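Undergrad: Sharing a model that was predicted from the sequence below.
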Amino acid sequence: MRVLVVGRGGREHTIVWALKKSPKVSEIYCAPGNAGIAEMADCVSIEETQFEELCRFAKENKIDLAVVGPEDPLFAGAVDALEAAGIKTFGPRKNAAIIEGSKVFTKDLMKKYQIPTAAYESFDRYDDALAYLHAHQAPIVIKADGLAAGKGVTVAATMEEAEQALKDIMVGKAFGEAGNQVVIEEYLQGQEMSILAFVDGETVRPMVPSQDHKPVFDGDKGPNTGGMGTYSPVPHMPQSIVDEAIETILIPAAKAMCCEGRPFRGVLYAGLMITENGPKTIEFNCRFGDPETQVVLPRLKTDLFDVFMATVEGRLEELELEWSDEAAVCVVLASGGYPGSYKKGLPISGLNDVQNAIVFHAGTAAKDGQIVTAGGRLLGITGMGATIEEARAKAYAAAEVIQFEGKHYRKDIAQKALDAAKQNQQ
């Protein structure tokens, strides 16, 4: 079978890596890909939103399955375009991708179908939003309605910070049209957890849970990023909490989308806060998370190609997923200055010297025979082991081997899991 993966990040490298293990996959193409993906797939110079070119390439190369990775092409209708061209495609259609593309839509959906989430109000006028803000207290959360590459959310510790975030979004247009509407919601306390699920209409097949680290610095300090590292499983989260989240959030969300005439088919990602009142929804995404994918897919024992095809063909209910008991920890290596400005084109060394870990490329490029920096988050280093501690040690050992100017990474990925284990032993 011939597969086309659309995207260029660490998520897409992980998908290609997992598909490469399938005996049913004979050829993998990636548009546009990155330097790491190019080592295991044929990269083609087509941008993610060049739908006409993607469709033409898929037909000319007799693609059996297309997989759309990132949110932007999904929300713009990539799946609709490819399906219209006769290509089987994994991912939600445009009318279902709105679950990530509009936070106002999603909050209203959760209210209508009584899916646990934070109390909120939405606004399309700055003065009204500001008045509502002044009637409440910090900490409080401000969210741009549309897609903002994971950076459109401010958890404001003070009212001054909240006012500035609101002004930046609605007046300063920091995120363009994504900020035409905002959601202001209550601040939830607890621990975050991500649960991704393969979804085919009302059929939900959850993946193993993971925990992301959004802030750029150790101790969850500094601005939010696209994710600085992840680990799976989340051993200090009882299975009863995971089951509750699936039963009260993921399954009802899939059913709600069907009721709304927007059946979801692809990966539904629930970003959760585990509060003292149980799991509540922070957000839904319409695709694999990045870097959650880098710890979840290495634990999947079922052939990923089989899962994709069962989902696309409406047969997901026939499939049971198998998972490894191994733990996985991913440490993200980022450019100095990220998530602000950073240099590009800096050489990366040590990639061929990594042992006992998997290196997933994100913001890298090939230039003059060497791998160079080309983005903010550059590499995801995934270690696997019998325990979180063993997997973590492998990931950090590999992170030390890789070198480039300005290298930055958090030193405390998965520390919460280790701390919780120590407390349980006392």
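TA: Now that the structure is in, tell me what you want to look at. Numbers count the residues shown, from 1 in each chain.
Undergrad: how about stretch 238-249: buried residues?
TA: I241, V242, A245, I246, T248, I249 (16 or more other Cβ atoms under 10 Å). The way it works is simple: take the backbone N, C-alpha and C, and place the C-beta from them, glycine included.
Undergrad: Can you name the residues in contact with that stretch?
TA: Contacts to stretch 238-249, defined as Cβ atoms under 8 Å, 6 or more residues apart in numbering, come from residues 115-116, 193, 195, 197, 204, 206, 209, 270, 272, 274, 278-279, 281.
Undergrad: Tell me the most packed of the residues you listed, by neighbour count.
TA: Neighbours here mean other Cβ atoms under 10 Å. Within the contacts of stretch 238-249, the largest count is held by L272, at 28 neighbours.
Undergrad: what about the helix or strand hosting that residue, average pLDDT?
TA: Using DSSP states H and E, the element containing L272 is strand 265-275. Mean pLDDT, computed over strand 265-275, is 97.
Undergrad: And stretch 408-425, by the same measure?
TA: 88.
Undergrad: Residue numbering should commence at 20 henceforth.
TA: Sounds good: first residue 20 from here, last item stretch 427-444.
Undergrad: if you go through the stretch 270-419 of the chain in chain order, where are the strands?
TA: Using DSSP state E, counting those that start in this stretch, the strands found in the stretch 270-419 of the chain span residues 284-294, 297-304, 346-353, 377-380, 383-386, 389-392, 396-404.
Undergrad: hey, which of these is tucked in deepest?
TA: With neighbours defined by mean count of other Cβ atoms under 10 Å, none of the strands of the stretch 270-419 of the chain is more surrounded on average than strand 346-353, at a mean of 28.
Undergrad: Between the buried residues of stretch 257-268, which sits nearest I390?
TA: Taking Cβ to Cβ as the measure, I390 lies nearest V261 of those, at 37.7 Å.
Undergrad: Tell me which of the buried residues of stretch 257-268 fall in helices.
TA: Under the assignment DSSP state H, those contribute I260, V261, A264 to helices.
Undergrad: Any figure for the gap between the last one and A50?
TA: It refers to A264. To A50, A264 is 34 Å away according to Cβ to Cβ, to the nearest Å.
Undergrad: about what we covered before: can you lay out the strands of the stretch 270-419 of the chain as TSV showing distance to F327?
TA: Output for the strands of the stretch 270-419 of the chain, formatted as TSV (distance: least, Cβ to Cβ, whole Å):
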stretch	distance to F327
strand 284-294	9
strand 297-304	18
strand 346-353	21
strand 377-380	19
strand 383-386	25
strand 389-392	29
strand 396-404	21
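Undergrad: out of the ones you listed, which comes closest to L335?
TA: Going by Cβ to Cβ, the one of the strands of the stretch 270-419 of the chain nearest L335 is strand 284-294, 8.6 Å.
Undergrad: The closest one packs against which elements?
TA: With contacts taken as 3 or more Cβ pairs under 8 Å, 6 or more residues apart in numbering; DSSP states H and E, strand 284-294 sits against helix 113-120, strand 210-219, helix 258-264, helix 270-278, strand 297-304, helix 323-331.
Undergrad: Return the distance of it from the chain's centre.
TA: 10 Å (Cα atoms, centre = their mean, to the nearest Å).
Undergrad: Tell me which strands that strand pairs with, and in which orientation.
TA: Strand pairing for strand 284-294, using DSSP bridges, gives strand 210-219 (antiparallel), strand 297-304 (antiparallel).
Undergrad: want to throw the ones you listed into a markdown table with mean pLDDT and distance to K122?
TA: What follows is the strands paired with strand 284-294, written out as a markdown table (pLDDT from 0 to 100; distance: least, Cβ to Cβ, whole Å):
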| stretch | mean pLDDT | distance to K122 |
| --- | --- | --- |
| strand 210-219 | 96 | 17 |
| strand 297-304 | 96 | 7 |
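Undergrad: can you tell me which of those comes nearest to G26?
TA: Among these, strand 297-304 comes nearest to G26, with 14.0 Å by Cβ to Cβ.
Undergrad: residues making contact with stretch 371-385?
TA: With Cβ under 8 Å, 6+ apart, stretch 371-385 has contacts from 28-29, 32-33, 36, 53-57, 309-310, 313, 317, 349, 351, 354, 367, 370, 390-403, 413-414, 416-417, 420-421.
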